[in-house]
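Trainee: no letters, just coordinates:
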């Protein structure tokens, strides 16, 4: 695994853990994303994206995507919640 792949994976995992351990209903979003298969995709047009493959949720993260301005963990949590809502509402799109 490349260095930036690992850093991006750890950042996404920290965001999911923050959602799961939150003291609000947002923990549900973290559980949804925890159940998703996580994969690197350098062709997504954003840092994270979700879709369904064979009926199963997939969370893609792009380690090459630069977030401007540099995002905080709270910014990432908001982005992850947005992506989890796509899964929750069964929105299907091809992030590649």
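Mentor: Everything's here; your move. A quick note: this is a predicted structure, and the numbers were derived from the prediction, not measured.
Trainee: contact partners for residue 90?
Mentor: Applying CB atoms under 8 Å, 6 or more residues apart in numbering, one finds that residue 90 lies in contact with residue 52. No exception for glycine: its C-beta is placed from N, CA and C like everyone else's.
Trainee: any idea which element it lies in?
Mentor: Using DSSP states H and E, residue 90 falls within no helix or strand.
Trainee: how close does it sit to residue 31?
Mentor: When distance is defined by CB to CB, to the nearest Å, residue 90 is 16 Å away from residue 31.
Trainee: so the residue nearest to residue 34 when sequence neighbours are not counted is in which element?
Mentor: Take residue 34 and drop its neighbours on the chain: the residue closest to it by CB to CB, 6 or more residues apart in numbering is residue 16, 5.7 Å away. For residue 16, the enclosing helix or strand under DSSP H and E is helix 3-20.
Trainee: return the set of buried residues in the helix or strand just after that helix.
Mentor: Going down the chain from helix 3-20, the next helix or strand is helix 27-35, by DSSP H and E. By neighbour count, and taking 16 or more other CB atoms under 10 Å as the criterion, the buried residues in helix 27-35 are 29, 30, 32, 33, 34.
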